[in-house]
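# quick one: sequence plus predicted model below, questions after.
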Amino acid sequence: MAYRVGNCSIGGIMSDSINTYALVKSSPRSVFLFNNRSDGTGETNVQKIDISDLPGAPTKIKINKIIWSVSGMAVQIMFDHTANDTAIILTGEGELNLCGLGGIVDPASAGGTGDILFSTLNADADDGYSIILEVEEAP
């Protein structure tokens, strides 16, 4: 429990406020929304999509579309492997439709699961993000 006196907080523990929503879970495509409001501690290699939970339990996926708004920090999106493979680093706002280009395909490096992971870079208190990802089973 935190107590507020004027502009000061006494007691309580603040933590990142993180939400994940599965907007569409179907085969072959699924769409997810991720929100974060940082307390300054950030996220490191946090699993956001467990591909074994996707319809059809694919062993490899690709990112087809990304819509994002990132404030005050950067978000690194990776595929989970022994040495994680960076898919993209997001800052600011934008939209990418990669369908016609084949998407960002998990390179299926050694080890790991191919799950989608996020890390925040240079996160300060009150930084945040909203990210929508469309993923699809990769050949």
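Looks like it arrived, so ask away. Numbering: from 1, shown residues only.

# what about the residue lying closest to residue 127 once chain neighbours are set aside, how many neighbours?
Sequence neighbours aside, residue 72 is the residue nearest to residue 127 in space, at 3.4 Å (criterion: C-beta to C-beta, 6 or more residues apart in numbering). The C-beta positions use only the backbone N, C-alpha and C, and glycine is treated the same way. By other C-beta atoms under 10 Å, the residues close to residue 72 number 15.

# could you identify the helix or strand that succeeds the helix or strand hosting residue 72?
Residue 72 belongs to strand 61-79 when assigned by DSSP states H and E. Counting by DSSP H and E, the element after strand 61-79 in chain order, helix or strand, is strand 85-97.

# residue nearest the centroid of the protein?
Centroid-nearest residue in the chain: residue 118, 4.3 Å away (criterion: C-alpha atoms, centre = their mean).

# so where's the protein shaky on pLDDT?
Along the chain, segments meeting pLDDT under 70 span 1-15.

# hmm, try it at 80
Scanning the chain for pLDDT under 80 picks out 1-16.

# returning to that earlier point: so what's the residue nearest to the centre of the chain up against?
Residue 118 makes contact with 34, 43, 46, 48, 75-78, according to C-beta atoms under 8 Å, 6 or more residues apart in numbering.

# next one: residue 135
Contacts of residue 135 (C-beta under 8 Å, 6+ apart): 29-32, 49, 54, 61-64, 116.

# who does it bridge with?
Beta-bridge partners for residue 135, by DSSP bridges, are residue 30, residue 63.

# how near is it to residue 77?
According to C-beta to C-beta, to the nearest Å, residue 135 stands 11 Å off from residue 77.

# how about residue 31?
When residue 31 is compared with residue 77 (using C-beta to C-beta), they lie 15 Å apart.

# quick one, which of these two is more surrounded?
Neighbour comparison, residue 31 and residue 77: the larger count goes to residue 77, with 23 against 18 (by other C-beta under 10 Å).

# residue 135 versus the closest residue in space to residue 27 that isn't next to it in sequence, what's the distance?
Of all residues beyond its chain neighbours, the one nearest residue 27 is residue 55 (4.0 Å), with distances taken as C-beta to C-beta, 6+ apart. Distance, residue 55 to residue 135, using C-beta to C-beta: 11 Å.
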